[in-house]
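> Sequence plus the predicted model coming up.
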Amino acid sequence: MNPGETLLSTSRTFQLWRYGAGHSQLILRSGFRPETEPVELHFEGVRSVRFDSLTFPELTVWRDEDEVVENDRARFYNLRIELRSPKHTGVITAGRMTCIDGTYPDGTIKWWVTSPRGEAIGGGDRPTCE
């Protein structure tokens with residue numbers, strides 16, 4: 001398991017831009033400025049979301065220790081991402097997070113982080129987190 005790390009720290013303000021429960025996707029977008037392109041944080045395989053507010057000024061994105069979901073046959077891992085701002089912290093549990101310079105799907109991918117693959121318990125095929 002990972003010990004935790006800062007993935008992004010910025011003075012930009014991000015806000016919830018789009019959430020689709022059917023596709024398990026969530027997008028946070030920085031505000032548009034005339035001199036700069038927006039930045040989007042795209043989450044896929046979203047399992048849970050907890051926010052006190054939908055706006056995150058001076059955002060720090062922290063990858064906490066991965067969450068583990070286990071049954072008698074398999075073990076699955078999920079990213080646990082904390083969205084920290086001076087007034088509140090939000091938490092997203094997801095399979096993948098991508099930082100995009102611009103807007104999804106037309107922007108340029110800057111970086112991404114993906115949860116580890118699942119594993120079988122007691123033998124058998126190795127399942128995926130998807």
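Yep, it's here. Remember, predicted model here, so these are calculated numbers, not experimental data. Numbering: from 1, shown residues only.
> contacts, neighbours, all on C-alpha from now
OK.
> in the protein, which segments are predicted with low confidence?
1-3, 32-34, 122-130 (pLDDT under 70).
> Where do the strands of it begin and end?
5-9, 14-20, 25-30, 39-44, 48-50, 55-56, 60-70, 74-84, 89-94, 96-101, 108-114, 119-120 (DSSP state E).
> Determine the set of other helices and strands touching the fourth one.
For strand 39-44, the contact count by 3 or more Cα pairs under 8 Å, 6 or more residues apart in numbering; DSSP states H and E identifies strand 25-30, strand 96-101 as packing neighbours.
> Could I get those in CSV, plus columns for mean neighbour count and distance to W111?
Output for these, formatted as CSV (neighbours: other Cα atoms under 10 Å; distance: least, Cα to Cα, whole Å):
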stretch, mean neighbour count, distance to W111
strand 25-30, 21, 15
strand 96-101, 21, 5
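> In CSV: the ones you listed, plus distance to W17.
Converted to CSV, the helices and strands packed on strand 39-44 look like this (distance: least, Cα to Cα, whole Å):
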stretch, distance to W17
strand 25-30, 5
strand 96-101, 14
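> didn't L26 look like it was pressed against V46?
Yes - L26 lies in contact with V46 (Cα atoms under 8 Å); the separation is 7.2 Å.
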